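Trainee: just need the structure, nothing else, for what follows:
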Amino acid sequence: MNAPANVPANAPAKTVGEIGWADKNYLIVDDFVGVRQLLRESLRSLGAKNIDQASSGGEAMGLLTRIRYDVVLCDYNLGDGKNGQQVLEEARVRNLVNPSTVWLMVSAEKSVESVMGAAEHQPDAYLIKPITEGVLLTRLNRVWHKKQIFRLIDQAYAEKDYLRAARMCDAAMEAHKAHELDLLRMKAKLMEKSGEPAKAREVYERVLEQREYQWARAGIAKIRMANGEFEQARQSFQSVIAENRYYIDAYDQLALAYQNLGKLEESCAILERAARLSPNSVPRQRNLGNVALKVGNVQMAEKAFRKCIAIGEYSILKTPDAYLGLARVCGQKNDAKEALQLLLQVQREFAADYPDIALRSKITEGLVYHESGDYRRARKAGDELEALLNATEDRPDIPTCLELATLLFAVGVKDAPVELLCYVIRNNHDNPLLLDEVQQIFDKARLGDEGQDLIRASKKEATDLMNQGVLLWKTGKLKDAVEWMRQARKKVPNNQRILFNAAQILVSYLQQHGYDGAMSAEAYDVLHHVDRLLPGQQRFAQLIEQLAQLQPAAEGGATSGTIAEVA
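Mentor: Sure thing, here's the model as predicted:
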């Protein structure tokens with residue numbers, strides 16, 4: 001199918017016709033008009049008719065929001081504003097491209113830093129300028145055919161129907177032997193997402209029997225880490241890096257393994273190495289800053305947070321964390337003025353998308369004052385936070401709860417942080433690592449024995465809530481079980497065991513009483529909520545599949561694709 005780069009100008013016509021490039025929608029993104037014209041002429045020579053152009057990342061996002069493109073040719077460096085990497089990030093996060101869309105990253109930049117930064121976000125190909133017509137056609141053909149094989153698999157993946165997608169991989173391997181390796185890699189990923197690490201490991205080992213692929217070795221190491229085998233995972237990730245020093249994901253995973261082993265200094269060192277190799281990752285710089293702050297390396301934390309803020313300015317991955325972290329750094333450097341300026345800035349920039357940003361800023365303000373020795377202002381911030389907590393029943397996410405409880409204990413408040421930590425326990429009653437962290441906060445506040453009693457009582461409360469709902473379900477009182485679990489979810493909205501049981505009871509009700517649109521939607525909402533809290537659980541994949549099977553034909557059509565459609 002692929003046309004060689006040195007064929008005569010009229011030779012590719014047959015190949016072009018086989019795919020039908022003339023009917024596709026194209027987007028060219030480049031800040032130089034001359035380059036856009038050259039790429040446009042190359043596409044026209046392939047028969048392309050519908051070609052849009054953008055001269056900046058912002059203009060490209062506007063077009064991607066309105067139009068679904070089949071092919072995107074995007075330059076890496078786009079002048080001021082978003083670069084090509086950030087355009088790709090945002091298009092994927094916001095689902096502005098189809099699974100079948102071909103995204104080719106184009107650049108004259110050959111530096112390791114730029115190439116690796118783009119490659120981490122996995123465009124379908126990375127092309128170095130100048131690009132000949134033959135090279136463009138060859139890449140388009142190769143990527144397009146692969147995309148068609150994966151089109152419905154990717155769609156099922158996007159719908160989080162991981163088990164169906166895995167079965168489609170098996171069927172596709174029978175029909176497309178040339179793509180067996182890529183399909184095995186996808187299947188292993190799907191098995192992990194489905195909460196079936198043993199089956200994922202079987203796939204990785206099947207690959208390694210054929211050849212020593214580092215991604216398969218790294219996949220087994222991730223499974224080991226998920227199983228709590230942190231030391232074995234550490235050794236495996238180090239082995240992968242020794243074989244390929246540019247395998248960036250292995251650095252991130254190795255850093256996580258060190259954190260799980262309680263070796264924060266080593267984790268910090270690994271993240272620093274990874275950030276030197278590929279410095280333009282917003283999440284990596286943020287993680288480096290957070291770990292450096294925990295180990296007391298204020299200089300490294302400051303450098304990482306400032307870099308994170310700089311590269312994140314136009315990124316969809318931009319979050320308040322780097323600003324709040326940098327404010328903490330400023331507090332430890334006794335620069336309260338810059339810290340407070342950062343806190344004002346973060347509230348201005350993130351108020352629309354982060355409803356809890358005022359609360360998080362006030363917590364950071366209190367910590368800044370406390371760490372810089374201004375205990376009077378720290379206590380004032382603590383009093384304001386206590387008043388905020390008393391004014392609403394809503395509670396922030398778990399990390400914010402822990403940070404807030406730590407501050408409140410430090411400034412002499414007791415009842416409010418105790419209530420917060422009990423809330424954390426009820427929502428995570430079977431998470432021993434988190435319960436240990438809660439106990440440490442009690443110990444630091446000199447409430448160790450009382451903390452043990454509170455943890456025990458809160459665990460029992462959550463367990464009793466769950467068990468009563470399950471008992472009603474198992475004794476056939478399904479309607480009562482559904483209502484009980486609704487009330488349980490209100491009391492402990494983020495307890496994943498209770499959420500899964502609530503979804504299971506809803507599915508059972510639908511199976512026994514027939515399809516109900518509102519109840520089905522409720523079950524989907526519960527499952528997607530728990531998947532956001534704790535992705536990659538086996539029960540999620542199983543329940544999603546059961547729900548999909550209950551959909552009426554008209555509503556379930558979108559999830560009933562078969563591999564025959566791919567072939």
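
Trainee: any chance you could map the helices in the stretch 401-550 of the chain?
Mentor: Assigned by DSSP state H, counting those that start in this stretch, the stretch 401-550 of the chain shows helices spanning 415-427, 432-444, 448-474, 478-491, 496-513, 517-533, 538-550.

Trainee: quick check: which element contains the residue lying closest to Leu385 once chain neighbours are set aside?
Mentor: By the measure of CB to CB, 6 or more residues apart in numbering, the closest residue to Leu385 outside its immediate chain neighbours is Lys362, 5.7 Å from it. All C-beta atoms are positioned from the backbone trio N, CA, C, and that covers glycine. Lys362 is part of helix 357-371, with elements assigned from DSSP states H and E.

Trainee: ditto for Leu73
Mentor: Applying DSSP H and E, one finds Leu73 within strand 71-75.

Trainee: distance check, the residue nearest to Lys307 when sequence neighbours are not counted against Asp335.
Mentor: What sits nearest to Lys307 in space, not counting adjacent residues and going by CB to CB, 6+ apart, is Gln285, at 4.9 Å. When CB to CB, to the nearest Å is applied, the distance between Gln285 and Asp335 equals 21 Å.

Trainee: which one's more surrounded, those two?
Mentor: Looking at Gln285 and Asp335 with other CB atoms under 10 Å, you find the greater number of neighbours at Gln285, namely 25 against 15.

Trainee: quick one, what contacts that one?
Mentor: Remark: with contacts taken as CB atoms under 8 Å, 6 or more residues apart in numbering, Gln285 is in contact with Ala275, Pro279, Ala304, Phe305, Lys307, Cys308, Ile311, Ala322.

Trainee: how near is the first one to Gly289?
Mentor: Yep, that's Ala275 we're talking about. Applying CB to CB to Ala275 and Gly289 gives a distance of 10 Å.

Trainee: who's more crowded, those two?
Mentor: Using other CB under 10 Å as the criterion, Ala275 and Gly289 rank with Gly289 on top: 30 against 23.

Trainee: how about the helix or strand containing Glu265: buried residues?
Mentor: For Glu265, the element it lies in under DSSP H and E is helix 264-277. For helix 264-277, the buried set under the neighbour-count rule, 16 or more other CB atoms under 10 Å, comprises Leu264, Glu266, Ser267, Cys268, Ala269, Ile270, Leu271, Glu272, Ala274, Ala275, Leu277.

Trainee: and for stretch 33-40?
Mentor: Across stretch 33-40, burial judged by 16+ other CB under 10 Å covers Val35, Arg36, Leu38, Leu39, Arg40.

Trainee: out of these, which is nearest to Asp353?
Mentor: Minimum distance to Asp353 across those is 32.6 Å, recorded for Arg36 (CB to CB).

Trainee: contact partners for that closest one?
Mentor: Remark: with contacts taken as CB under 8 Å, 6+ apart, Arg36 is in contact with Ile28, Asp30, Gln53, Ser55.

Trainee: now Lys49
Mentor: Residues Ala22, Asp23 are the ones in contact with Lys49 under the rule CB under 8 Å, 6+ apart.

Trainee: now do the contacts for Arg486.
Mentor: Taking CB under 8 Å, 6+ apart, one finds Ala502 in contact with Arg486.

Trainee: ok, it to Phe350 distance?
Mentor: With distances taken as CB to CB, Arg486 is found 32 Å from Phe350.

Trainee: pLDDT (mean, whole number) over stretch 523-530?
Mentor: Looking at stretch 523-530 alone, the average pLDDT works out to 93.

Trainee: show me what counts as buried in it.
Mentor: By 16+ other CB under 10 Å, the buried positions in stretch 523-530 come out as Ala523, Tyr524, Val526, Leu527, His529, Val530.

Trainee: hmm, Gln253 and Phe237 touching each other?
Mentor: Yes - judged on CB atoms under 8 Å, Phe237 makes contact with Gln253 at a distance of 5.3 Å.

Trainee: what about Leu547, how many residues nearby?
Mentor: Using other CB under 10 Å: Leu547 sits among 21 other residues.

Trainee: Phe237 and Gln253: which is more packed in?
Mentor: Counted by other CB under 10 Å, Phe237 and Gln253 do not tie: Phe237 has more neighbours, with 28 against 22.

Trainee: who are the contact partners of the more buried one?
Mentor: Contacts here follow CB under 8 Å, 6+ apart; on that basis Phe237 touches Ala218, Ala221, Ala250, Tyr251, Gln253, Leu254, Ala257.

Trainee: so which of those residues comes closest to Gln232?
Mentor: The closest of the contacts of Phe237 to Gln232 turns out to be Ala221 (CB to CB; 7.8 Å).

Trainee: would you confirm that that closest one contacts Val240?
Mentor: Yes - the pair Ala221 / Val240 is scored as a contact, 7.0 Å apart, by CB under 8 Å.

Trainee: now the common contact residues for these two.
Mentor: Taking CB under 8 Å, 6+ apart as the criterion, Ala221 and Val240 both touch Ala250.

Trainee: higher neighbour count, these two?
Mentor: Neighbours around Ala221 and Val240, counted as other CB under 10 Å, are more numerous at Ala221. The numbers are 25 against 22.

Trainee: so how far is Gln537 from the nearest residue to Leu506 once chain neighbours are set aside?
Mentor: When the adjacent residues along the chain are set aside, Leu506 lies closest to Ala523, with 4.1 Å between them (CB to CB, 6+ apart). Distance from Ala523 to Gln537, counting by CB to CB: 15 Å.

Trainee: Gly325 now?
Mentor: As for Gly325, its distance to Gln537 is 30 Å (criterion: CB to CB).

Trainee: more neighbours, those two?
Mentor: Between Gly325 and Gln537, counted using other CB under 10 Å, Gly325 has the larger neighbour count: 23 against 18.

Trainee: which residues touch that one?
Mentor: With contact set as CB under 8 Å, 6+ apart, Gly325 has these partners: Arg286, Gly289, Asn290, Leu293, Ala301, Phe305.

Trainee: is Tyr314 in a helix, a strand, or coil?
Mentor: For Tyr314, the reduced secondary structure class is coil; criterion used: DSSP: H, G, I helix; E, B strand; the rest coil.

Trainee: that one contacts Ser56, correct?
Mentor: No - with contact defined as CB under 8 Å, Tyr314 and Ser56 do not form a contacting pair (10.3 Å).

Trainee: now list whatever residues contact both of those two.
Mentor: Both Tyr314 and Ser56 are in contact with Gly81, Lys82, where contact means CB under 8 Å, 6+ apart.

Trainee: so which helix or strand takes in Gln53?
Mentor: With elements taken from DSSP H and E, the one containing Gln53 is strand 50-54.

Trainee: now do Thr400
Mentor: helix 398-410.

Trainee: tell me how far the helix or strand containing Ser239 lies from the chain's centre.
Mentor: Here Ser239 sits within helix 230-243, counting by DSSP H and E. Its chain's C-alpha centre and that of helix 230-243 lie 23 Å apart, by CA atoms, centre = their mean, to the nearest Å.

Trainee: just the angle between it and helix 264-277, please?
Mentor: With axes from the mean of the first three to the mean of the last three CA atoms, to 10 degrees as the criterion, the two stretches helix 230-243 and helix 264-277 enclose an angle of 30 degrees.

Trainee: tell me the mean pLDDT for helix 230-243?
Mentor: 95.

Trainee: just after it, pick out the following helix or strand.
Mentor: Downstream of helix 230-243, the next assigned helix or strand under DSSP H and E is helix 248-260.

Trainee: restrict that next one to CA atoms and write it as CSV.
Mentor: Once non-C-alpha atoms are left out, helix 248-260 reads as follows in CSV (Å, rounded to 0.1, in the frame of the first residue of the first chain):
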residue,chain,number,x,y,z
ILE,A,248,10.7,8.6,29.9
ASP,A,249,7.6,6.8,31.3
ALA,A,250,9.9,4.3,33.1
TYR,A,251,11.5,7.3,35.0
ASP,A,252,8.0,8.5,36.2
GLN,A,253,7.1,4.9,37.2
LEU,A,254,10.4,4.4,39.0
ALA,A,255,9.9,7.6,40.9
LEU,A,256,6.5,6.4,42.0
ALA,A,257,8.0,3.0,43.1
TYR,A,258,10.5,4.9,45.2
GLN,A,259,7.7,6.9,46.8
ASN,A,260,5.8,3.7,47.6
